[in-house]
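Colleague: kindly generate the corresponding structure for this input.
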Amino acid sequence: MLAVTAAAAAMVMASGSASLPFGLMLGVAVYLAASNLSRRTSIRAAVTVAAVLGAGLLYSWLAFPHAPLALEGVAGYSPLVAGWFVGDSVAARRRYLAGLAEQAERERAAEAERARQEVREERVRIAHELHDVVAHTLAVITVQAGVGRRLMARRPEEARAALESIEMIGRTAQDELRVVLGLLRDEQIGDAALAPAPRLTDLKELADNVRASGTPVDLRTSGTDQRLSPALELSLYRVVQEALTNVVKHAPGARASVDLAVSADRVRLEVADDGGPARRPGAGGEVTAGPGTGHGVVGMRERVAAFGGRLAAEPLPGRGFRVLAEIPVEASG
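Modeller: Residues are numbered from 1 along each chain as shown. Model (predicted):
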């Protein structure tokens with residue numbers, strides 16, 4: 001259409017007369033080309049049409065000396081320029097709206113991916129919580145059950161105390177599991193009465209439970225009255241719980257110590273044991289038991305790293321094992 005109208009307008013201009021209808025037809029054709037083609041292509045088309053019109057004007061000037069060249073030029077080039085600018089503006093508007101729609105679609109996709117990632121991270125966190133609760137509880141219950149079985153015939157009162165301790169620890173673990181598993185349910189749990197997450201004030205009860213299993217624990221805390229985020233307190237509690245669980249499992253009979261110090265700029269946590277019979281050096285001077293190679297140490301390290309801290313889990317010189325964590329307080333908020 002553009003080619004036909006350009007040729008017709010050029011022939012009319014070459015005849016030495018100006019025609020408004022042909023100019024309007026040319027303007028419409030240029031508008032359609034500019035609004036539907038790319039900018040580079042429409043510019044090339046407009047320049048080609050301008051050259052064709054120029055050839056028509058040149059022929060008119062040579063063949064008809066008295067022809068109204070100015071009027072012919074205005075009638076030919078004005079619709080060309082106006083049609084191209086209007087068509088290019090329409091095309092630019094379409095490209096802008098298409099870009100907005102594409103950007104909105106990308107943002108929706110990114111938001112959906114962020115939501116899926118948050119769900120995955122939350123499920124990993126819940127998996128860590130389940131591991132901590134189950135591993136600690138089962139380790140303590142196993143030790144208590146063994147103690148009760150050995151004392152049942154000779155000292156029934158102590159066996160009874162061991163069974164009561166197992167019942168208490170089991171009920172506590174059941175409550176914790178109910179809280180954690182409730183987070184995995186799809187139904188709404190906003191109105192459910194959930195037990196609060198463990199805090200640093202619960203370390204004394206944790207130490208008492210471990211002592212009841214037959215592992216002496218020395219608990220020392222300082223600066224715990226400072227305000228820390230609940231998430232950091234929960235992570236510190238879980239690190240202590242996991243470290244003491246490792247002592248119960250891998251160093252039965254050892255004495256454990258928990259030293260927690262909270263200062264203005266950092267939190268320092270150390271859980272150590274003296275080795276006990278299972279970790280004491282043998283005749284060859286080698287340690288006969290270790291901290292295990294499961295997910296416990298990895299989980300502790302990830303919890304501490306989440307707050308910008310670092311954790312070291314290593315055997316002590318000669319005997320024993322130590323878990324040392326340092327977390328900057330600024331990163332925990």
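
Colleague: phi, psi for the closest residue in space to Tyr237 that isn't next to it in sequence please.
Modeller: Closest residue in space to Tyr237, ignoring its immediate chain neighbours: Pro198 at 4.3 Å, by C-beta to C-beta, 6 or more residues apart in numbering. Where you see a C-beta, it was placed from the backbone N, CA and C, and this is true even at glycine. When read as degrees, to the nearest 10, the backbone of Pro198 gives phi -60, psi 140.

Colleague: what about Pro198, how many neighbours?
Modeller: For Pro198, the neighbour count with other C-beta atoms under 10 Å is 21.

Colleague: roughly how far apart are it and Ala251?
Modeller: 23 Å (C-beta to C-beta, to the nearest Å).

Colleague: please apply the same query to Gln241.
Modeller: Distance check for Gln241 against Ala251: by C-beta to C-beta, it reads 16 Å.

Colleague: what about the strands in the stretch 151-300 of the chain?
Modeller: 217-222, 256-262, 266-273 (DSSP state E, counting those that start in this stretch).

Colleague: make a markdown table from the ones you listed and add mean neighbour count and mean pLDDT to it.
Modeller: Listed next are the strands of the stretch 151-300 of the chain as a markdown table, based on neighbours: other C-beta atoms under 10 Å; pLDDT from 0 to 100:
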| stretch | mean neighbour count | mean pLDDT |
| --- | --- | --- |
| strand 217-222 | 15 | 93 |
| strand 256-262 | 20 | 94 |
| strand 266-273 | 22 | 94 |
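
Colleague: so which of those strands gets nearest Ala46?
Modeller: The closest of those to Ala46 is strand 266-273. By C-beta to C-beta, the value is 69.9 Å.

Colleague: just checking: what are the partner strands of the closest one?
Modeller: strand 256-262 (antiparallel), strand 321-328 (antiparallel) (DSSP bridges).

Colleague: the stretch 151-300 of the chain: helices as residue ranges?
Modeller: Remark: helices assigned in the stretch 151-300 of the chain by DSSP state H, counting those that start in this stretch are 156-182, 203-212, 230-250, 276-279, 295-305.

Colleague: in terms of mean pLDDT, which of the ones you listed ranks lowest?
Modeller: Ranked by mean pLDDT, the helices of the stretch 151-300 of the chain bottom out at helix 276-279, which scores a mean of 62.

Colleague: any idea how far the closest residue to Ser222 other than its chain neighbours is from Ile327?
Modeller: Leaving aside its chain neighbours, Ser222 sits nearest to Ala261 (4.9 Å; criterion: C-beta to C-beta, 6+ apart). Counting by C-beta to C-beta, the gap from Ala261 to Ile327 is 11 Å.

Colleague: pull up the overlap in contacts between these two.
Modeller: With C-beta atoms under 8 Å, 6 or more residues apart in numbering applied, the overlap between the contact sets of Ala261 and Ile327 consists of Val267, Leu269.

Colleague: so for the helix or strand harbouring Met13, what gets flagged as buried?
Modeller: Element membership of Met13, judged by DSSP states H and E, is helix 2-14. Neighbour counts over helix 2-14 (16 or more other C-beta atoms under 10 Å) mark Leu2, Thr5, Ala6, Ala8, Ala9, Ala10, Val12, Met13, Ala14 as buried.

Colleague: nearest spatial neighbour of Asn218, chain-adjacent residues omitted?
Modeller: Let me fix one detail, which is that residue 218 is Asp and not Asn. Once flanking residues are discounted, Asp218 sits nearest to Ser257: 4.4 Å by C-beta to C-beta, 6+ apart.
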